[in-house]
Structures are given as structure tokens and as C-alpha cells.
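1. Have a look at this fold, sequence not included:
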């Protein structure tokens, strides 16, 4: 009997995101080895993900369950009366637009909000004790202690906190963003894609990168070696060009 693997995140993992199935989604490669339960929902943020993880694991034995958490945009606030799928488009909801604008200016991505990264990662770190293995992967490049605050001492504190968390045997935080992996530097974006408001690729990845990414994730969970290092060496199949994680 296969062990369970739970996935939490946004459109990078949502099983309903993208055109009708044309090829295997990157996370579907895990289904060869695990019984996958995918809780991902397009548009949602890390606080919603954390809440759903708590909810799914409440009063359950989870020591044999693996978890994959896709850490999305921290500006996606989990508001009680807001459809979770609208967390990335709060300004379109007249009930919250004015309040959210004030939050952007005076709270989000100020020093007051900088410790949000610590809070979320530490929550996941503590929860990982209840699971077999947990991989946490940030979705966007700006979710980084160096861009959250200009306070150098606070930057060092946050960075140290992340490094300590990443040393646990069954826990790893991947800082190379999924967004950079899926963009045109991977050369899987067709010209017509840019004309659409919604990316038609399955979870933002073309067939080639979906396969490569899927195999890398499978190796992290299946192999005894936990190091998730090969992601830095992913190349596009047709050109042989490496993914540039330092691209801006």
C-alpha cells in the first residue's frame, strides 16, 4: 500500500489550473510512488495554506505522511469573508480594497511584516515533526529576507533562522522560486501564451520542465539522500540552456 503525500499551495499545484490535460503535471509524477492528496487552490496565500494543513492533520496520525508546501505570495491575505481564490486580487473586492491599500503602504513589506517569513517557516518547521518528510518551496523570487526589510540585523536574524530550519533531516526549504523556473527563461512559453490573461500551461510549466521538475521532486522524497541540489542544473531540452535563478 502506498504512503500518502499531501500537497498545499496555489496555482503552481492546483490540479484544476491550466488547459485540459495534454501532458503529465509536474506533481503527478509523485503519484507513481504515493497516494497524492492535493489541497492546492489558485490565488491563495501562505496563511491559507498553513490553515488548511492544520485542518487536514487535526486528530489524524500523520507520521507516515509526506508533505509538499508551495510557499506563495505573502501579500495574499487570508480574510474571513473573502473567497480564498481571490486572495491575489483583493483590490477587485470593494469591501476590502481601501483597507488593503492601507495595509500595503503601512504594513505589508515593511519591517513590521518582515518577520512573517520566520513565523510561517517556523510553523511549518514545528508541524514537520508530525510528518515523515516535508519539502517547502517558495513560489516567487521576492519572498526573501533580503527584500522584506532594509534592516541588516533583522536580515541576518531571518536568514539564520531559515538556515537552522533547513538542517533538519526531514525538512527542507527551497529558496529557488518556482516563478523563475516557469518563466520564459525556460523557453517553454509560446508567443500566444502572452495574449492570455491566464497561463494555459499546466501549473505554469510546459511539458519538458514539468517532467524534469517532477523527477527532481520524486528523487527528494523517494531517495535516502535529502539534498535537493539538481534543480540548479535543470536545462531546457531543445537548447540546453540552464535555468537562470539570478534573473530579474
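-> Looks like it came in fine. All values derive from a computational prediction rather than experimental measurement. Numbers count the residues shown, from 1 in each chain.

2. before we move on, what SS does the one residue sitting closest to the centre of the chain have?
-> Residue closest to the mean C-alpha point of the chain, counted by CA atoms, centre = their mean, is residue 70 at 2.1 Å. Assigned with DSSP: H, G, I helix; E, B strand; the rest coil, residue 70 falls in the strand class.

3. burial count for the closest residue in space to it that isn't next to it in sequence?
-> In space, and not counting its chain neighbours, residue 70 is closest to residue 9: 2.7 Å by CB to CB, 6 or more residues apart in numbering. In this view, the C-beta of every residue, glycine as well, is placed from N, C-alpha and C. Applying other CB atoms under 10 Å, we find 26 residues neighbouring residue 9.

4. Let me know the pLDDT of residue 9.
-> pLDDT, residue 9: 96.

5. ditto for the one 5 residues further on
-> What the model reports as pLDDT for residue 14 is 96.

6. residues touching it, list them.
-> Contact analysis of residue 14 by CB atoms under 8 Å, 6 or more residues apart in numbering lists 38, 40, 41, 42, 203.

7. I'd like those residues laid out as CSV, including pLDDT.
-> Formatted as CSV, the contacts of residue 14 follow (pLDDT from 0 to 100):
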residue, pLDDT
38, 98
40, 97
41, 96
42, 95
203, 91
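
8. Tell me, how many residues neighbour the closest residue to residue 107 other than its chain neighbours?
-> Nearest non-adjacent residue to residue 107, counting by CB to CB, 6+ apart: residue 113, 5.5 Å away. Residues within reach of residue 113, counting by other CB under 10 Å, total 17.

9. My read is that residue 113 contacts residue 106, right?
-> No. If you go by CB atoms under 8 Å, residue 113 and residue 106 don't touch, sitting 9.7 Å apart.

10. Let's see the pLDDT reported for the residue nearest to the centre of the chain.
-> Taking residue 70 on its own, its pLDDT is 96.

11. what is it paired to in the beta sheet?
-> residue 137 (DSSP bridges).

12. Output the below-cut-off pLDDT ranges for the chain.
-> Counting by pLDDT under 70, the chain contains low-confidence residues at 109, 142-152, 154-168, 184-197, 224-230, 232, 235-241, 243-248.
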